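In: Dropping a prediction and its sequence here:
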Amino acid sequence: MEQDIWKNIKLPEDMSKEKIDFLTQAIEGSQNLKKQELLPYLTRLIRVSKEKQLTFTDAEIQFIIAAIRNNSSPEQNKYIDQLMQESQKHHSSR
């Protein structure tokens, strides 16, 4: 299955295997989620990544978003856009 997930996305060359494995599992787990399940799922992923002490650079985060978008429905992508806009509003108000 891993080949299908990454077919249209170029992995960052310096991304560790541990991060790639985590992302593969995360993307596979997100594929059949409904819109209302996406935010709790992403929240859980953040918690798990912290537990595993995985940190991601801004470039890796942009890659993750692209990978999730690549494997999401149009409705999910619209919701991801909304989440990103809310996140940017939150960060810019700090």
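Out: Received the coordinates, thanks.
In: Find the residue ranges of the protein scoring beneath the pLDDT cut-off.
Out: 1-9, 90-91, 93-94 (pLDDT under 70).
In: how does it look with 50?
Out: 1-2 (pLDDT under 50).
In: Work out the gap between the longest helix along the chain and the centre of the chain.
Out: Longest helix in the chain by number of residues (criterion: DSSP state H): helix 74-92. On the basis of C-alpha atoms, centre = their mean, to the nearest Å, helix 74-92 sits 12 Å off its chain's mean C-alpha point.
In: What of stretch 40-60?
Out: 9 Å.
In: can you give me the end-to-end distance of that stretch?
Out: 21 Å (C-alpha to C-alpha, to the nearest Å).
In: what are the ranges of the helices in the chain?
Out: 2-5, 17-30, 35-51, 58-70, 74-92.
In: and Leu11, which of the ones you listed is closest to it?
Out: helix 17-30 (6.5 Å; C-beta to C-beta). All C-beta spots, glycine's among them, are computed from the backbone N, C-alpha and C.
In: quick one: contacts of stretch 28-46?
Out: Contacts of stretch 28-46 with the rest of the structure, by C-beta atoms under 8 Å, 6 or more residues apart in numbering, involve 1, 5, 26, 68, 71-72, 75-76, 79-80, 83.
In: before we move on, the earlier item: dump the helices of the chain to CSV, plus mean neighbour count and distance to Leu11.
Out: Listed next are these as CSV, based on neighbours: other C-beta atoms under 10 Å; distance: least, C-beta to C-beta, whole Å:
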stretch, mean neighbour count, distance to Leu11
helix 2-5, 12, 10
helix 17-30, 16, 7
helix 35-51, 13, 17
helix 58-70, 15, 7
helix 74-92, 12, 20
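In: returning to what we had before: tell me the angle the longest helix of the chain makes with helix 58-70.
Out: Using axes from the mean of the first three to the mean of the last three C-alpha atoms, to 10 degrees, one finds that helix 74-92 and helix 58-70 are set 150 degrees apart in direction.
In: Can you spell out which helices and strands pack onto helix 74-92?
Out: Counting contacts by 3 or more C-beta pairs under 8 Å, 6 or more residues apart in numbering; DSSP states H and E, helix 74-92 packs against helix 35-51, helix 58-70.
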